[in-house]
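Trainee: predicted model follows, preceded by the sequence.
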Amino acid sequence: TFLQRAGRANHTVAGQPKARLFPLSRDELVECTALLDAVRRGELDRVAIPPKPLDVLAQQIVAEVAAREWSEDALFDAFTRAHSYATLTRDEYLAVVRMLGEGFSTRRGHRAAYLHRDAVNGVLRGRRGARLTAITSGGAIPDTADYDVVLEPAAQLVGTVNEDFAIESLAGDIFQLGNTSYRILRVEAGRLRVEDAHGQPPNIPFWLGEAPGRTDELSQAVSRLREDVVARLADASALGYLTRDLRLGASPAEQLVEYLAAARAALGTIPTQKTIVFERFFDESGGMQLVIHSPFGSRINRAWGLALRKRFCRKFNFELQAAATEDAIVLSLSTSHSFPLDEVARYLHSNSVRPLLIQAMLDAPMFAARWRWTATTSLALPRFRSGKKVPPQLQRMAAEDLLAAVFPDQLACGENLVGERELPDHPLVNQTVHDCLYEAMDIEGLERLLRAIESGQIRIEHRDLTEPSPLALEILSARPYAFLDDAPLEERRTRAVMSRRWLDEEAAAGLGRLDPDAIERVRAEAWPSAVNADELHDALLGLAFATEQEVARDDQWKHFLAALAEAKRVTRLTVRTPVTTAAATSETALWIAAERLPQFASVLPHAQHSPSIAAPAEFAARSWPAAEALIEIVRSRLEGLGPVTANALADSMALPVADVEAALAKLAAEGFAMRGSFTPGASQSEWCDRALLARIHRYTVKRLRQEIEPVSSQDFMRFLGRWQHVIPSERRQGPDALAAMITQLEGFEAPAAAWEAEILPARLDNYDFTWLDDLCLAGRAVWTRLTAPATVAARNAGPIRTTPVTLLPRRNLGLWNRAVPAPAEPSPVSARAQRVVEHLKHHGACFFDEIVEATGMLRTQVEDALAELVVLGLVHSDSFAGLRALLTPSDRRKPLTKGKRRRRTALFGIEDAGRWALVRRPAPRLAATGALYEPEHEIVEHIADTLLRRYGVVFWRLLEREAAWLPPWRELLRVLRRLEARGEIRGGRFVAGITGEQFALPEAVGLMREMRRAPPSPAWISLSAA
C-alpha cells in the first residue's frame, strides 16, 4: 500500500513521486523505519486471495440465473474453473443453492428466495425480482453507514463522515473535511447539510471501525529492525546504522535508539518474533495489567488476546477487558486474579485453541459486523428496497432478525444455554466465522505461534515490574479500534495506570526491582503493635500465631502473654517435627489465642498445650477440616508478614512444605496471594498478600511519597480542626451545613447537653436551635441513645445532662441499630415507664398530650417516665425539642408565644417535641451453635466509611475516642484494606508517633500536606472535653 500510494503522487509525465510518513507514536516510528528498510531490501507484501467466499458465490449465482436458465452441474463447472472457487466442493455449492431457493423464514415472513430450483431435472431459474436485486444490491464492498455531507445551497455532495460522528453532532458545530471547514445546518437521516464556515476554527471528525491488520512481511521487518538496532547498542553503532544505511534523519534516529534501549533495559531483552515477553505491573486501583509483547501484527494478537480472554473467563469466572495492537496485547486483571506469570503461556494449546477462539469470537463485536456484511453481500439483506436505500439502522435490525432465524443460540439468553454454543452448518454462518478467523484474525498464524512456543522455538520471558515499560505505553493508551470487548473508553481499567512520560535507559533498568526499604516499611506497617494485653490478644487473632522469635522482639509481649495465659486466653503450642532447613530446630513453639485453638487442633493434632485451655463454646462448635484450617492460618500470616517463602511458613509451623504450598495455591486462586521474586537477592520464590504487594509497588515508585510523609501530632490536630470545621474561619453556615455535620458525626456518642451547647455551635456560625428541629421533623435526622446503661445505678438515674446521645441521618438508623450488640436481657423499668411503653407499643407514635390522656398520669409523671426511657435508650421523639425539654428545668422553659414575632424562638416545651415512639431494634440473630453472628460486612464497611469521613485519617488509636461497642480493629482492618485495594483510600504512615497501619481519604492527605506547610496560628480554640 505504501509503494502504491507513493507511486500515485505527482502523477505526471515528468513528475517524480514523493511521499512523507508521519509517525504519531514511538511504535509507529519503529514501524515506519521498518517499512523503509523493507523497501530498501526490495520486499513486497503477499496478497492473499480469499478462498471460495460463499457470500460472493451466492450473489453471483443469483446474477447468473436471473439472466438465463442454468443447469446445476453446468453452473458448478463454470464456477470451479475460476481460481477462487477451484477448491469449492459439491456439498458447499448445493448448500448455497438450497439457501437461495428456499430463502429464510423469519417473523416477518419468508424472504430472500431468489431461485426456482427444479431438483428433479437439476435446473435453476430466477424468480421475479432476482434480476433487480442483483443489479441494485450487488458488490462485495460492505456498507459503512457513513453520512453524506451535502453543501448548501448548491446541494453538492462534498464527502462523507462516520455515522457516530454525525449522530453526536449538533446544528452549529464546525468541522473540517479535506482542507475546508463546514458549519452544520441540520442533521438528517443519513445526511449532514452544511455551509461553508469561511475558515473558522473547526473540530476534526472521527471515524470508528475495524483497524486493518499489519501484514506478516511488515511484522517480520519490525522484528528484524528491533534485533538489528539492539545488537548495535553495545558498540554504539546503532545511530550510524539508522542514519547511514536507512537514511533516517538524526532526530528520529536518536528517538528510536533511546526508545529501544530503554525498552531493553526495562525488560532485560527486546521482544521480537523469536522472544516474547510477558509483563505484569500494578495499577492505581490495586488491580494489575498483563501486557504480552508479541510483534506479530494485530491479526495474530487479536486472536491470541480473545482466546486468552475466554480462557481467563473460564478459569477465574471474570470477564476481562482486553485490547490488541500490532505489537502487544493487554489484559486488565482485577484484584481477584492471582497466578504465577510463567503459567500464562501454557493457558492455550495449539490443538485446542481453534474451538476456544470461535466461542470467544461469537461474543466479540466483530462477529455482528461481519455477519451483516456477509448477509448483505449474499443478497440475504438487499441494500435497496422500493427504489430507496435501506437505512443503516434498519439494516442492522434486519441482520439481527436474520441471525436469530439462522443461528438462534447466538442471540439466546445466556441462562438458557447449556455448555458451548453449537455452530449451525449454514453457508452464511460458515462464511462469517471464516471471515472472522482468517481476515479479522489469523487463526493459522496463532496455531503456528503456539506450536513454536510449545516446541521451544520461541523463547518466553516473564517480568514483574513496578510500572509499565516503555513498550507497554502504546497498548495502554490504545483507542477503541484495539478493544476486544465492548467496554467504552471512559471505563477502561488501563486508565488507572500512571506512568512517567519518558524513561531513559538508566531509569528504565530499575523498573523490575522493588525497593528493599519499601518492603521493610510495609512489613513494619502490617505487623501489629500492642501496648497492653488486650491488644496483643487481638494481634494474635489477626496473625494466627506468634513464634518465640517474634515475641522476643518486644519485651512487653512476654509480660502480656503471661497475663493472657493466666486468664486462659492464650496458650503455647509445642511441636516436634522434622523441618526443611538446617537452621530450624526440631522443636517449634507457637503462641496462639484460644479462639484459634480449633484450627490448630486440626492442623497440628499432636501439639502440646501449655497451659491447657479450651476454646470458647461458640468457636469450639465449628469443625475445621485440616486443609481449610491451614488456609485460614496461612492467610492471616501473609497479612502480617509481607513477602515470605513457603519454606519459612512451613518451618514456623513445623509442617511439610507441600501442605503449605497447597494452601498458598488456594489463596492464589482466590486472588489473595501472589508469588514471585520480591525481595532483592532472594534465591527462592516468595509469597505476599496482594494488598501489601500493591502497597510495596506504590512505595517503590514513590508516587505517594509526599502524601504519606507523616505529619506531627500538632499538625494532625490542626488538620482535625480544619477537617471538622472547628477553626473559626472554617465554620459552616445554615441548615444544610448542619445536615453535613450530622453526617460527619453520625454514630458519635456525646453527652446530651453538649450537642447544642458545645459541639454544634463550635462548627456552625450563628447556630439556631430550630435548624436541628426542622431536620428532625423533615425526617432527615434523628436523635437516640444506641446502647442501654451498663450499670444499675445509671439505669435508675434521671435525665442527667451527661446521657450519651447520638445524632444520625434517619436513613442510617436501622443500620446503626443492627451494629449495636443487643443486651443480654431487657432493662428493667419503673411502673410508670412501663405504662408509657405499653401504650406506645399498642398505639404507635403518639404526642405528649395523647400519652398523658391515655395513661391517666400527671404531666410531670409522664415527663419523668419519658426521661427514664430516654436514659435507657428505649424512646425518642420526632424533633430534638423533646430531649431539649427534658434537659431544661420547667421554670426555665420558654413556650412558644402567640402573636407576631420577627424570629422563630427555640422550642423548650415538651409539647413541642412532636410524637414520641419506641426505638425499634432488630432481634439478635443466632447461629446454629447459639453464638451471636459477627457484625455484617455492610455494617462494618459503613462504620469504616463513617470514621474516615469523621477524622480523614483512621488508625487503631482513634477507636479509643469512639464507643466501646464498635467492631474491633481487626474487623475494620479487613474492610480498610479492601477499600485501599479498590483505590478508594490510601494506606501508609500519615501521623508520626502512631504505630500500626493507617488509612486516609485522598482529600485528607492533601489537606494534611497543606497544614504541614502552613505556619502555626496563635488563635485559641475551645472544645468540649466532655
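Mentor: Received the coordinates, thanks.
Trainee: every contact and neighbour count from this point should use C-alpha atoms.
Mentor: Will do.
Trainee: which residues does residue 445 contact?
Mentor: Remark: with contacts taken as Cα atoms under 8 Å, 6 or more residues apart in numbering, residue 445 is in contact with residue 300.
Trainee: what helix or strand is it located in?
Mentor: Per DSSP states H and E, residue 445 falls inside helix 443-455.
Trainee: roughly how far is that helix from the heart of the chain?
Mentor: 32 Å (Cα atoms, centre = their mean, to the nearest Å).
Trainee: and the strands in the stretch 51-200 of the chain?
Mentor: Taking DSSP state E, counting those that start in this stretch as the criterion, the stretch 51-200 of the chain carries its strands at 70-71, 104-106, 109-111, 115-118, 123-126, 147-151, 156-161, 174-177, 180-188, 191-196.
Trainee: quick one: closest of the ones you listed to residue 988.
Mentor: Each of the strands of the stretch 51-200 of the chain was scored for nearness to residue 988 using Cα to Cα, and the closest is strand 174-177 (49.0 Å).
Trainee: separation between residue 150 and residue 161?
Mentor: Between residue 150 and residue 161 the computed distance is 11 Å (Cα to Cα, to the nearest Å).
Trainee: in TSV, list the strands of the stretch 51-200 of the chain along with mean neighbour count.
Mentor: Formatted as TSV, the entries for the strands of the stretch 51-200 of the chain read as follows, by neighbours: other Cα atoms under 10 Å:
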stretch	mean neighbour count
strand 70-71	17
strand 104-106	15
strand 109-111	11
strand 115-118	19
strand 123-126	22
strand 147-151	21
strand 156-161	15
strand 174-177	19
strand 180-188	18
strand 191-196	21
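Trainee: quick one: closest of those strands to residue 438.
Mentor: Shortest distance between residue 438 and the strands of the stretch 51-200 of the chain, using Cα to Cα, is found for strand 104-106: 26.7 Å.
Trainee: quick one on the thing from earlier: of the strands of the stretch 51-200 of the chain, which is nearest residue 250?
Mentor: Proximity to residue 250, assessed across the strands of the stretch 51-200 of the chain by Cα to Cα, is greatest for strand 174-177 (33.5 Å).
Trainee: just send the strands of the stretch 51-200 of the chain back as TSV, with mean pLDDT too.
Mentor: Formatted as TSV, the entries for the strands of the stretch 51-200 of the chain read as follows, by pLDDT from 0 to 100:
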stretch	mean pLDDT
strand 70-71	94
strand 104-106	69
strand 109-111	67
strand 115-118	91
strand 123-126	92
strand 147-151	91
strand 156-161	91
strand 174-177	92
strand 180-188	91
strand 191-196	91
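Trainee: save these as a markdown table, and put in distance to residue 527 too.
Mentor: As requested, the strands of the stretch 51-200 of the chain are arranged in a markdown table below (distance: least, Cα to Cα, whole Å):
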| stretch | distance to residue 527 |
| --- | --- |
| strand 70-71 | 86 |
| strand 104-106 | 67 |
| strand 109-111 | 72 |
| strand 115-118 | 80 |
| strand 123-126 | 83 |
| strand 147-151 | 64 |
| strand 156-161 | 61 |
| strand 174-177 | 60 |
| strand 180-188 | 64 |
| strand 191-196 | 66 |
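Trainee: nearest to residue 433, out of these?
Mentor: Relative to residue 433, the nearest member of those by Cα to Cα is strand 104-106, separated by 19.3 Å.
Trainee: return the residues in contact with residue 543.
Mentor: With contacts taken as Cα under 8 Å, 6+ apart, residue 543 has the following neighbours: 633, 636-637, 639-640.
Trainee: tell me the confidence at it?
Mentor: Per-residue pLDDT puts residue 543 at 90.
Trainee: gap between stretch 260-272 and the chain center?
Mentor: For stretch 260-272, the distance between its averaged C-alpha position and the chain's averaged C-alpha position is 29 Å (Cα atoms, centre = their mean).
Trainee: same question for that stretch, mean pLDDT?
Mentor: Averaging pLDDT along stretch 260-272 gives 90.
Trainee: mind listing the strands in the stretch 851-1000 of the chain by residue range?
Mentor: Remark: strands of the stretch 851-1000 of the chain, listed N- to C-terminal, are 875-877, 915-918, 953-954, 986-988, 998-1000; assignment by DSSP E, counting those that start in this stretch.
Trainee: with the stretch 201-350 of the chain instead?
Mentor: Chain-ordered strands for the stretch 201-350 of the chain, with DSSP E, counting those that start in this stretch as the definition, fall at 275-282, 288-293, 321-324, 328-333.
Trainee: check which helices and strands the second one sits against.
Mentor: Using 3 or more Cα pairs under 8 Å, 6 or more residues apart in numbering; DSSP states H and E, the elements in contact with strand 288-293 are strand 275-282, strand 328-333.
Trainee: and residue 315, how far from residue 339?
Mentor: Applying Cα to Cα, one obtains 11 Å for the distance of residue 315 from residue 339.
Trainee: actually residue 287, sorry about that
Mentor: Here the distance between residue 287 and residue 339 works out to 13 Å (Cα to Cα).
Trainee: got it, and residue 606?
Mentor: Distance check for residue 606 against residue 339: by Cα to Cα, it reads 34 Å.
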